[in-house]
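Q: Model the structure of this input:
(one chain, ligands or ions: 1)
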Amino acid sequence: MKKLIVFTGAGISAESGIKTFRDKDGLWEQYRIEDVATPEAWERNPAYVQEFYNFRRKQLLEVKPNAAHLALVELEKKYDVQIITQNIDDLHERAGSQKVLHLHGELLKSRSSIHKDHIYPIQGWELKMGEVCELGSQLRPHIVWFGELVPEMENAANITSHADVFICIGTSLNVYPAAGLISLTPDGIPKYLVDPGTIDQHHLKGIEHLHNKATEGVPELVALLMKDENI
Ligand code: OAD
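A: Numbers count the residues shown, from 1 in each chain. As a prediction, the model looks like this:
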């Protein structure tokens, strides 16, 4: 089976009802990154950081995967599909995708604040101050914050460098190192981007850009890839 890599960002979950970050009315217009998504914010005001992620977790439990998440599952009948997502939601998993790698962590998990390998599922929406890991330290959201290393990056880079087809969906390609993945794809393979926005031209070399919302563009692209006998 050919290896098909799908690299997703906030745009794929937008039509499920989850806000993107940098669009008009996006999350980073309401909150400052340095107040909620850095290790320094956690040091300064952990309760506020918890509240931010608790609120997002509550929202996540109320939404469902959309037609784009679901269409990607169909590809598994013909391709060896690996999703690499920047998203912290679980909508790819709930849609039924088998292989999902989360570059920026997972909202439904918590982690020890002193040992990176102690990771736990969160029951319900709320992670409280005072809840501790087995070593006795406060549990934090299992999120990769700005200024932190991206532990899955090497794995993602390795997978991407062996792609036969690469699809990018709903990402502004603003945040590194994740955005750098696109430049690690082998030369000459088919590459597609589904995003209704304007993406910096330097990212788009050799990429077919479908200017469409995910729930329309992804099912169309999936239908094309399922039919195409040359891929
Ligand atoms: P952004 O908010 O930067 O970009 C969202 C992208 O989705 C834009 O390119 C939009 O044009 C596109 N978009 C909006 N609606 C869409 C729709 N219905 N269908 C398809 N695309 C749509 O989000 P990301 O690129 O995912 O990291 O942001 C990357 C990282 O920055 C996130 O993982 C997060 C954030 O800060 C951390 O918090 C560590």
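Q: what about residue 126, distance to residue 229?
A: Here residue 126 is placed at a distance of 51 Å from residue 229 (C-beta to C-beta, to the nearest Å). Where C-beta positions appear, they are placed from N, C-alpha and C, glycine not excepted.
Q: Can you give me the neighbour number for residue 188?
A: Residues near residue 188, counting by other C-beta atoms under 10 Å, number 7.
Q: show me what contacts it?
A: With C-beta atoms under 8 Å, 6 or more residues apart in numbering as the criterion, no residue contacts residue 188.
Q: Check what pLDDT it gets.
A: What the model reports as pLDDT for residue 188 is 93.
Q: ok, now the one 4 residues further on?
A: Listed pLDDT for residue 192 reads 96.
Q: do residue 205 as well
A: With respect to pLDDT, residue 205 has a value of 83.
Q: Also residue 230?
A: Looking at residue 230, its pLDDT reads 79.
Q: likewise residue 222?
A: pLDDT for residue 222: 98.
Q: Determine whether the claim that it is in a strand is correct.
A: No: applying DSSP: H, G, I helix; E, B strand; the rest coil, one finds residue 222 to be helix, outside a strand.
Q: Not counting its neighbours along the chain, what's nearest it?
A: Distances taken as C-beta to C-beta, 6 or more residues apart in numbering place residue 71 nearest to residue 222, at 4.3 Å, with adjacent residues excluded.
Q: next one: residue 217
A: Of all residues not flanking residue 217 in the chain, residue 194 sits nearest, at 3.8 Å (C-beta to C-beta, 6+ apart).
Q: Which residues does that neighbour form beta bridges with?
A: residue 169, residue 210 (DSSP bridges).
Q: How many neighbouring residues does it have?
A: Residues near residue 194, counting by other C-beta under 10 Å: 28.
Q: one step back: wait, what's in contact with the residue nearest to residue 222?
A: Counting by C-beta under 8 Å, 6+ apart, residue 71 touches 218, 219, 222.
Q: ok, now residue 131?
A: The neighbours of residue 131, taking C-beta under 8 Å, 6+ apart as the test, are 110, 138, 139.
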